[in-house]
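Visitor: got a predicted structure here, sequence first:
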Amino acid sequence: MIRTSYLSPEFKTEPYWTDGLEPFRPLNASPAGSSDVAVIGGGPAGLSAALTLAQSGRTVTVFEAGTIGDGAVARSAGSLSHVPKASLGDLTASYGREAALSIYREARAAREYVEGLIREHGIDCGLQSVTRFLAAHSEAAFARQKSSLASLRESWGKVELVPRDEQRRVIGSDAFFGGLQMANSATLQPALLQHGLARAATLAGAALLLGTRVDDVRGGPGAFEIVTRKARYRASDVILATAADTGFGPARFQSLARRIVAMEAYCVATEEVSSNLMKRVLPLQGPVSDTYKIINYIAPSHDNRRFILSGRAGRTDGGLAQKAERMFGYFAERFPDLRGVKVTHCWSGRFAISADWIPHMGVEDGVHYALGCCGTGIPMATWLGHRIALEILGRPSSGSAFDRPLPPMPFHAARNLLMPLVMRGYALRDSILR
């Protein structure tokens, strides 16, 4: 039997989120030659840091090489979740149980902080507080979920184990083996969130320079010099918030760049569907992700009119049209009601992973940084930018579980050759160990 294409005749390879969105125009684009803090990168980490600093009376200049909305944020799936990519078991083995629980607790605090920030500044980005379901892809995966339930409740609060014979009440599929239902999660329109953060930061007084790449950073704390193509600026502190693009920056940051790896992630948006179909596929009316190492994710869009999917991170097989067919095909095989729905958009974006699969903040060579958010950039980068700002202001409320040295990335020089093999290795591990 030959399957017809899932692609719509209007199929596009640009993010659904920026379709028809007006460009952001900064309010403060003419900074003085010096500021208290220079922020390199206009993503959620940089904008969040700038907002916190400007609200506290510091002068801030944000240097963004592109525009607001052409980076990783607007190319994400719009998930605002507190599910770290590293499992509790892996983190316990690396750092001990208390550190692992602290990481999971702070991930939840990050999501809650972003939700509060959105409400405080009236950012209209379609924020929806929803329930998320982590669908076990095998019986063994469900057993691991069951064994970690007490620890998850200790760090996350309300988490419910849903056995396979009851999962139809949360998802329209029999293909999984039960899973975990989390009461606290959220989705949003990520491009509108980034626009809103940029607006809030500039209203607070931060200067935002778009299309301004930083070529070099010289000096040290109290006397940094920021070199761009057109001018030079002075700052007492510098924040590096360039995420997956860190490797394209000044030579000063190459040591950090070698400790992360940039990966491609892929997302899909479907055509508009009826509310009845949405409820049949996702009765919980929130996101569903599976338990593979490289997860597959499906959620309602911010307006509940389309399905948003992501998957195949790090895969190099085929172009965006082929990726869209495979990603949607994965879910169409498991959710029968999706058959007949067409895909209108598929796009890619880059995110950075660390060797231990958790985000990191710290200071190197006098420069503050937030890196390696591992696909959780909207909540974690926003949170870490805020935490770095508090450090600079001299009033951190408490130590962060993510303030730990960024570990070396093994075989970084061979990453382009090895990453596809690593992704295949994860897929093989999932299929063998299940």
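Guide: Okay, I see it. Numbering: from 1, shown residues only.
Visitor: phi, psi of S236?
Guide: Main-chain torsions, S236, degrees, to the nearest 10: phi -80, psi -30.
Visitor: list the contacts for the spatially closest residue to E10 that is not a sequence neighbour?
Guide: The shortest distance from E10 to any non-neighbouring residue, by C-beta to C-beta, 6 or more residues apart in numbering, is to T344 (5.8 Å). To be clear about C-beta, it is placed using only N, CA and C from the backbone, and glycine gets the same treatment. By C-beta atoms under 8 Å, 6 or more residues apart in numbering, the contact list for T344 reads 8, 10-12, 16, 269-271, 306.
Visitor: mind redoing it with 6 Å?
Guide: For T344, the contact set (C-beta atoms under 6 Å, 6 or more residues apart in numbering) comprises 8, 10, 269, 271.
Visitor: ditto for G179
Guide: G179 makes contact with 133-136, 162, according to C-beta under 6 Å, 6+ apart.
Visitor: so which of those comes closest to N296?
Guide: N296 lies nearest to A135 out of the contacts of G179, by C-beta to C-beta, at 9.0 Å.
Visitor: so the residue nearest to E10, which state does it fall into?
Guide: strand (DSSP: H, G, I helix; E, B strand; the rest coil).
Visitor: what's the burial count for the nearest residue to P221 once chain neighbours are set aside?
Guide: Nearest non-adjacent residue to P221, counting by C-beta to C-beta, 6+ apart: G366, 4.6 Å away. Per other C-beta atoms under 10 Å, the neighbour tally for G366 reads 15.
Visitor: who does the lengthiest helix in the chain touch, helix- and strand-wise?
Guide: In terms of residue count, the longest helix belonging to the chain (DSSP state H) is helix 97-120. For helix 97-120, the packing partners by 3 or more C-beta pairs under 6 Å, 6 or more residues apart in numbering; DSSP states H and E come out as helix 88-95, helix 149-156, helix 377-393.
Visitor: can you give me the end-to-end span of stretch 89-100?
Guide: 8 Å (C-alpha to C-alpha, to the nearest Å).
Visitor: meant to ask about stretch 285-292
Guide: Using C-alpha to C-alpha, the two ends of stretch 285-292 sit 22 Å apart.
Visitor: what sits up against that stretch?
Guide: By C-beta under 6 Å, 6+ apart, stretch 285-292 touches 130-133, 135-137, 141, 171, 295-299, 430.
Visitor: nearest to W357, of those?
Guide: When those are compared against W357 (criterion: C-beta to C-beta), the nearest one is I295, at 12.1 Å.
Visitor: what's the neighbour count on the closest one?
Guide: 17.
Visitor: low-confidence stretches in the stretch 201-350 of the chain?
Guide: In the predicted model of the stretch 201-350 of the chain, residues 313-316 satisfy pLDDT under 70.
Visitor: quick one: V261 and A74, what's the gap?
Guide: 22 Å (C-beta to C-beta, to the nearest Å).
Visitor: more neighbours: which of these two?
Guide: The neighbour count for V261 versus A74, taken as other C-beta under 10 Å, is higher for A74 (26 against 23).
Visitor: ok, that one - contacts?
Guide: A74 sits next to 15, 17-18, 190-191 when contact means C-beta under 6 Å, 6+ apart.
Visitor: can you redo these as JSON lines with pLDDT?
Guide: Below are those laid out as JSON lines (pLDDT from 0 to 100):
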{"residue": "P15", "pLDDT": "96"}
{"residue": "W17", "pLDDT": "97"}
{"residue": "T18", "pLDDT": "95"}
{"residue": "P190", "pLDDT": "96"}
{"residue": "A191", "pLDDT": "97"}
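Visitor: out of those residues, which comes closest to S56?
Guide: Nearest to S56 among the contacts of A74, counting by C-beta to C-beta, is P190 at 26.3 Å.
Visitor: run a quick neighbour tally on that closest one.
Guide: Other residues within reach of P190, judged by other C-beta under 10 Å, total 28.
Visitor: roughly how far apart are it and C346?
Guide: With C-beta to C-beta as the criterion, P190 and C346 are 16 Å apart.
Visitor: what's the answer for D124, then?
Guide: 26 Å.
Visitor: quick one, the longest helix of the chain and helix 377-393 angle?
Guide: Angle, helix 97-120 to helix 377-393, by axes from the mean of the first three to the mean of the last three C-alpha atoms, to 10 degrees: 90 degrees.
Visitor: pLDDT averaged over helix 97-120 - what is it?
Guide: For helix 97-120, mean pLDDT rounds to 94.
Visitor: out of the helices and strands packed on helix 97-120, which is closest to G247?
Guide: It is, among those and with distance given as C-beta to C-beta, helix 377-393, at 16.4 Å.
Visitor: for that closest one, name the packing helices and strands.
Guide: Helix 377-393 sits against helix 44-55, helix 97-120, strand 367-371, with contacts defined as 3+ C-beta pairs under 6 Å, 6+ apart.
Visitor: so which bits of that helix are buried?
Guide: Using 16 or more other C-beta atoms under 10 Å as the burial criterion, the residues of helix 377-393 that qualify are 377-392.
Visitor: of those residues, which pair is most distant in space?
Guide: Spanning the widest gap among the buried residues of helix 377-393 are I378 and I392, at 22.3 Å by C-beta to C-beta.
Visitor: just the contacts of T344: which are in strands?
Guide: Among these, the members falling in strands (DSSP state E) are 8, 10, 269.
Visitor: what about the helices in the stretch 101-250 of the chain?
Guide: Applying DSSP state H, counting those that start in this stretch to the stretch 101-250 of the chain gives helices spanning 139-147, 149-156, 190-203.
Visitor: can you give the distance of stretch 242-259 from its chain's centre?
Guide: Distance of stretch 242-259 from the chain centroid (C-alpha atoms, centre = their mean, to the nearest Å) equals 18 Å.
Visitor: give me the contact list for that stretch.
Guide: Under the criterion C-beta under 6 Å, 6+ apart, residues 40-41, 43, 72, 216-217, 262, 350-352, 406, 408-409, 412 lie in contact with stretch 242-259.
Visitor: output these as a markdown table; include the columns secondary structure.
Guide: A markdown table is the format used below for those (three-state DSSP):
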| residue | secondary structure |
| --- | --- |
| I40 | strand |
| G41 | coil |
| G43 | coil |
| A72 | coil |
| D216 | strand |
| V217 | strand |
| A262 | strand |
| R350 | strand |
| F351 | strand |
| A352 | strand |
| L406 | coil |
| P408 | coil |
| M409 | coil |
| H412 | helix |
